[in-house]
Structure formats: C-alpha cells, structure tokens
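Asker: Okay, predicted coordinates and the sequence, questions at the end:
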Amino acid sequence: MKTKTYDSYFLMTVADVPDYIKAKVDFFTEDEQLSVDEIGDGNVNYIFQVRGKHKSVIIKQAGDATRLDPTWQLTTERGRIEADYLAMQEKLNPGSTPELYLYDLVMCAIIMEELSGDYAILRFALLERRRFPRFADMFSTYLVNALVLTSDIVLDHQEKKLLAKQFINPQMCDIFEKLNNTEPFIDVYKRNRVMSENKDFVQAEFYEDVAFRLEGAKLKFEFMNNAQALIHADLHTGAVFVREDSIKIFDTEFAFFGPMGVDPGNFTAHIFFAWANADAEAVQDVSILSFKQWLLETIENFFALFIKKFKNLFRERVTDLMAKTPGFSEWYLGTVLSEAAGACGLELARRTIGLSYLPDLINIQDEARRARTERIMLRLAKDLILNRASIKSGTDYTAALKRATATEEAESDEATYLDYVFL
Ligand SMILES: Nc1ncnc2c1ncn2[C@@H]1O[C@H](COP(=O)(O)OP(=O)(O)O)[C@@H](O)[C@H]1O
Ligand SMILES: [Mg+2]
C-alpha cells in the first residue's frame, strides 16, 4: 500500500496509525505487525498506544473539537505547546518528562515514549494507598528548576518575552479562567454540580459571599496578567507518572507563562483530595491513618524543600541587577507562596463543585460521608484563598486542613462523625 504523505491535517483512527508511524519515525521495521489501541480517557485528545515486536510508542493527537461536543472547537495549536513544554523540560529537568520523539506540526501529533512497567499514574497509585517516600524531593526539584529557570530572575528579559510569546495559549487559559477563576464564585454557565446535601452551604459560602468573591477576582487577574515563568497550568496527580525513584510529568497542553504559584498550589489540592478519599473510607483503620499522615507529611516536606531549593537556585542563578537587592528574593518567594495557596484553594473548590469531577471524591460510596468530605475540602479552599497572605509553609496548609475539619465537626449535625481522629 502506498504511504500517505500526511501533508494536511486529519483526525486519525486506529487503522491509520501503523502507516503513519512508519512514515514518520524509524521505530518499527517496514513489515512489522503493529497493534494499536486508542486509550484516551480525556475529553479532547486521541491517545494511540502502538506496540510492535519489541518496542512501543504513544501518539497523542490533538483533535480540533472536544470529544463530547463537536461544536465546541479547540485549536490544535495546543499540541505544539504541549510538545514545546516537553522539549523545554528536557533541557531544564532532563529525564523528567516522556521522551519526545517527534512533533508533527501538520497532524498536530506528538510521538513520544510510552511509560509503562513500573510507572503508575500518581492519582491511581494514591487511591491504592501507595506511598512514595522520595516524591516530595523529586517533585520540588522539578518545579523549582521549571519555574526559576524560565523567569526574569535568570533569563535575559528579551529572550524571556520571546519565549512567553511562543507559549501564548489563549484558549487553554480561557478554560482555566472559567473553571478555576470564575465558576467557583459564580455558576455562570450553570454547569457546576453540587451534591444536594451541600447546595445551601455552597450558595451561602461561595456564591453569595462578596468579600470572598473579591479575593477570587484578584487571583483571576493575577493569573491572567503575571507572565512570571513557564508553568504547566494543569498539574495534578493525573499528570504525573511515578515510581520509587523517578517522576515523569506529562499532559502539558495548558502550559503558558503565568504565576509561579499556580503549579505547586494546584498540585497540592490533589494531595488533599487523596487525603479526602482516604479520610472518607475508613476512619479507624490504622494503615489508612498512617497513609493520611504520610500525605500531610508529603505536603509539609514538599513546601520545605521547595522553599529551600528556590532560595538556593535564586542565589546561584540570579542575573537581574535589581533582583540581587537584599530582601528581594524573600519578598518574591513570599508572593509565590501566597499565590500557591490561592491556586490550591481555587482547584479544591472547582474540582469539588465544578464541571470536572475526580475519582477521589465520586468514588466515595457513602453519600453522607462524601458530602461531609466535600464540605471539608470547600472549607479548606475558602480558608486558603482568604488567608493566602499568611500561608507560607507546608505546615500552614496542614493547619488549615485541621481548621476545616474542626469547623466541620463543630457545625455538623452528624454526631457519628464527632469521634473522627484527626491525622
Ligand atoms: N507517554 C505516555 N505513556 C503511557 N501512557 C500515556 C502517555 N501519555 C498519555 N498516556 C495515557 O493516556 C491518558 C491520557 O493522556 P493525557 O496526556 O492526560 O491526555 P488528555 O490531555 O487528553 O487528558 C493518560 O492518563 C495515560 O493513561
Ligand atoms: Mg490534557
């Protein structure tokens, strides 16, 4: 069969993939039998797993509309941004992303290393209560390099502006600005999904609290206007492959130059969701209690290491003359940490009441427990957003969770939950 030239975009099906991959990369022999599966679990992209005799690859092709609704158009340019972010991290954090074999600008397809074997997606590993003692160390190194080394602290300012231009990502930012920065406060598209038990709570605490909404408005304009560093912007436990001694960050199509705090804060929300899932499951089970404890220690260790490594890298790599002024790095890091607390609160809120639900919450079978857990996450979200100026360490986060749990217990009618042990 004659090989196609692939000089204009079309959306591939499984049947197209063997010819395509052989035309594009020298990975398989011409006559090799390939098995192809489409394994995408998201709403917008097509993920082809291609297996030959000895090797395998992943192709991620960006569709030009969402899979749910063909009239909801999305630019395939996000595929180029995803590939550019992976290429950038290969320089800043070698080995911390799937290896990029090729980005096909016409077909908007990324051909990359398949992560399999002993790598697991962190979200599912945490739902199985698996622990990764080195995670906080590996993840803090990744983020500090990714953020500091793409900021004006280090880069030539003209070079950085041109880089920011390369990562202008209006449609994906628009999704974030709606889901994270608007809909927790105003259900403007009527697509939030609130458990019936929590409708009054969300109405009073989120939709009708104008002082709270004001803080949301400030965070929204910070997100839109602070082109501080190259951020992933959709960094959660489903975007990290993990094993004992390694992490691989992926799904980078939301990347753009935004506030540094977004990545650490957004991610931390998902450690809290792993905690919430464990908390709702079995309160008195010793292994669950110690797993929950490990999650909170991970948050504390992560921020301690992030702060230490951030200061070190700032000192070693700062180039801007004004940024060398005594006191500046402490002030700068302080703003990043506050922004992180805000981003964590926004993500906690939108993943609890917004459009995109998480298995961490929806898999909680007991409705009353799930409603209680969701209220704890919402109380925590609000606390972090309102008090973000004073959230400067991991222990500030875990103290906020303690407050949220204590308030829930004090205000809840559910006496059966009063004997919950906090860990
Ligand atoms: N490099 C990879 N190796 C192995 N599996 C992958 C790889 N990239 C994606 N996947 C699988 O495909 C799923 C969807 O990928 P993702 O990049 O999150 O797509 P989307 O942006 O459409 O959600 C992942 O959850 C994972 O199971
Ligand atoms: Mg994605």
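Answerer: Thanks, I have the structure now. Ligands and ions are numbered 1, 2, ... in the order given.
Asker: next one: phi and psi at F257?
Answerer: The phi/psi pair for F257 (degrees, to the nearest 10) reads phi -90, psi 110.
Asker: Repeat that for I110.
Answerer: phi -100, psi 130.
Asker: same thing with the one 5 residues further on?
Answerer: Here is the backbone geometry of L115 (degrees, to the nearest 10): phi -90, psi 120.
Asker: So it is in contact with F241, correct?
Answerer: Yes: using CB atoms under 8 Å, L115 is in contact with F241, at 4.6 Å. (Each C-beta comes from the backbone N, C-alpha and C, glycine too.)
Asker: which neighbours do the two share?
Answerer: 98, 248, 250 (CB atoms under 8 Å, 6 or more residues apart in numbering).
Asker: Turn the residues you listed into a markdown table, including pLDDT.
Answerer: Shown next, in a markdown table, are those (pLDDT from 0 to 100):
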| residue | pLDDT |
| --- | --- |
| P98 | 98 |
| K248 | 98 |
| F250 | 98 |
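Asker: ok, and which of the residues you listed reach ligand 1?
Answerer: 98, 250 (CB under 6 Å from any ligand atom).
Asker: among the shared contacts of L115 and F241, which are in strands?
Answerer: K248 (DSSP state E).
Asker: Endpoint to endpoint, stretch 19-39 covers what distance?
Answerer: Length of stretch 19-39, first residue to last, CA to CA, to the nearest Å: 19 Å.
Asker: Only the buried residues of it, if you could.
Answerer: Residues of stretch 19-39 classed as buried by neighbour count (16 or more other CB atoms under 10 Å): 19-22, 24, 27-28, 34, 36.
Asker: And for stretch 334-341?
Answerer: Under 16+ other CB under 10 Å, the buried positions of stretch 334-341 are 335-341.
Asker: Tell me which of the residues you listed fall in helices.
Answerer: 335-341 (DSSP state H).
Asker: avg pLDDT for stretch 45-58?
Answerer: Averaging pLDDT along stretch 45-58 gives 96.
Asker: heading toward the C-terminus, what's the first helix or strand past the helix or strand hosting F124?
Answerer: With secondary structure defined by DSSP states H and E, F124 is part of helix 122-127. For helix 122-127, the following helix or strand on the C-terminal side (DSSP H and E) is helix 135-148.
Asker: residues making contact with that next one?
Answerer: Taking CB under 8 Å, 6+ apart as the rule, helix 135-148 contacts 89, 92-93, 96, 122, 154, 228-232, 240, 242, 245-247, 249, 260, 263-264, 267, 298, 301-302, 305-306, 309-310, 313-314, 317, 336.
Asker: Of the residues you listed, keep whichever come out buried.
Answerer: Counted by 16+ other CB under 10 Å, those give 89, 92-93, 96, 122, 154, 228-232, 240, 242, 247, 249, 260, 263-264, 267, 298, 301-302, 305-306, 309-310, 313-314, 336 as buried.
Asker: Identify the residue nearest the closest residue to ligand 1 within the stretch 201-350 of the chain in space, chain neighbours excluded?
Answerer: Minimum separation of the stretch 201-350 of the chain from ligand 1 (CB to the nearest ligand atom) falls at D251, amounting to 3.5 Å. Closest residue in space to D251, ignoring its immediate chain neighbours: A239 at 4.3 Å, by CB to CB, 6 or more residues apart in numbering.
Asker: Give me the neighbour count for the one you found.
Answerer: 20 (other CB atoms under 10 Å).
Asker: Please name the residues that touch it.
Answerer: Counted by CB under 8 Å, 6+ apart, A239 has contacts 232, 249-252.
Asker: Keep only those of these that are in helices.
Answerer: Among the contacts of A239, no member falls in helices (DSSP H).
Asker: And L34, how far from R51?
Answerer: For L34, the distance to R51 equals 7 Å [CB to CB, to the nearest Å].
Asker: which residue packs closest to L100, ignoring adjacent ones?
Answerer: Closest to L100 by CB to CB, 6+ apart is L86, at 4.7 Å.
Asker: What is the end-to-end distance of stretch 200-211?
Answerer: OK, stretch 200-211 end separation, CA to CA: 18 Å.
Asker: I'd like to know the average pLDDT value across the longest helix that the chain contains.
Answerer: For the chain, the longest helix by residue count, based on DSSP H, is helix 286-317. Across helix 286-317, pLDDT averages out at 97.
Asker: coming back round to it: so the residue nearest to L100 is in contact with G95, correct?
Answerer: No: L86 is not in contact with G95 according to CB under 8 Å; the separation is 11.8 Å.
Asker: Out of these two, name the residue with the larger neighbour count.
Answerer: Neighbours were counted for L86 and for G95 using other CB under 10 Å; L86 has more, 21 against 10.
Asker: contacting residues for the more buried one?
Answerer: Contacts of L86 (CB under 8 Å, 6+ apart): 97-98, 100, 110, 112, 250, 252.
Asker: Identify, from these, the entry nearest to I58.
Answerer: Checking the contacts of L86 against I58 by CB to CB gives M112 as the nearest, at 5.3 Å.
Asker: Quick check, that closest one in contact with I58.
Answerer: Yes: between M112 and I58 there is a contact at 5.3 Å, judged by CB under 8 Å.
Asker: Can you give me the end-to-end span of stretch 106-126?
Answerer: For stretch 106-126, the first and last residues are 38 Å from each other (CA to CA).
Asker: Could you point out the bridge partners of V36 in the sheet?
Answerer: V36 has the following beta-bridge partners by DSSP bridges: V50.
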